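Student: no sequence on this one, just coordinates:
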């Protein structure tokens, strides 16, 4: 089959300073190395664009999110992490959001040529 696209992204809910940061990969999934590199790039982006500001990252309980090397990277940069409570796929709000996005994207799959088309949708 055709290779899939892996998109790792971070967004903020700050209405005053909305932040969107993403990286796209065609080959392979998200492993610890790839996630660490993403977080390193994200922290550099935040440091360059929002100097002297600390951030609170909210993540689910995926093992690589909780890996000490990732947590140390975040803490060493002066940021914090809060892990979401475990959720059930049948009633978790994030599942509803992802299902809604998935349904919209499935309907317009032929129109999506790259990640910019997705981000600008």
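Tutor: Arrived safely. Remember, predicted model here, so these are calculated numbers, not experimental data.
Student: what about the helices in this structure?
Tutor: Listed in chain order, the helices found in the chain under DSSP state H are 32-49, 68-76, 93-107, 115-119.
Student: quick one: neighbours of the nearest residue to residue 40 once chain neighbours are set aside, just the number.
Tutor: Using C-beta to C-beta, 6 or more residues apart in numbering and skipping the chain neighbours, the partner closest in space to residue 40 is residue 73 (6.3 Å). Using the backbone N, CA and C atoms, a C-beta is placed for each residue, glycine as well. By the measure other C-beta atoms under 10 Å, the count of residues near residue 73 is 16.
Student: repeat for residue 34
Tutor: When neighbours are defined as other C-beta under 10 Å, residue 34 has 16 of them.
Student: mind showing which ranges of the chain have poor pLDDT?
Tutor: 1-3, 87-96, 98, 101-102, 104-121 (pLDDT under 70).
Student: tell me how far residue 53 lies from residue 15.
Tutor: Using C-beta to C-beta, to the nearest Å, residue 53 is found at 16 Å from residue 15.
Student: who has more neighbours out of the two?
Tutor: The neighbour comparison of residue 53 against residue 15 (other C-beta under 10 Å) goes to residue 53, with 11 against 6.
Student: pretty sure that one sits against residue 46.
Tutor: Yes - using C-beta atoms under 8 Å, residue 53 is in contact with residue 46, at 7.4 Å.
Student: what bridges to residue 11?
Tutor: residue 20 (DSSP bridges).
Student: pretty sure it sits against residue 17.
Tutor: No - taking contacts as C-beta under 8 Å, residue 11 lies outside contact range of residue 17: 11.8 Å.
Student: residues contacting residue 53?
Tutor: Contact partners of residue 53, counting by C-beta atoms under 8 Å, 6 or more residues apart in numbering, are residue 46.
Student: distance check, it against residue 16.
Tutor: Distance, residue 53 to residue 16, using C-beta to C-beta: 12 Å.
Student: could you do residue 70 as well?
Tutor: To residue 16, residue 70 is 27 Å away according to C-beta to C-beta.
Student: more crowded one of these two?
Tutor: Using other C-beta under 10 Å, the more surrounded residue of residue 70 and residue 16 is residue 70, with 20 against 5.
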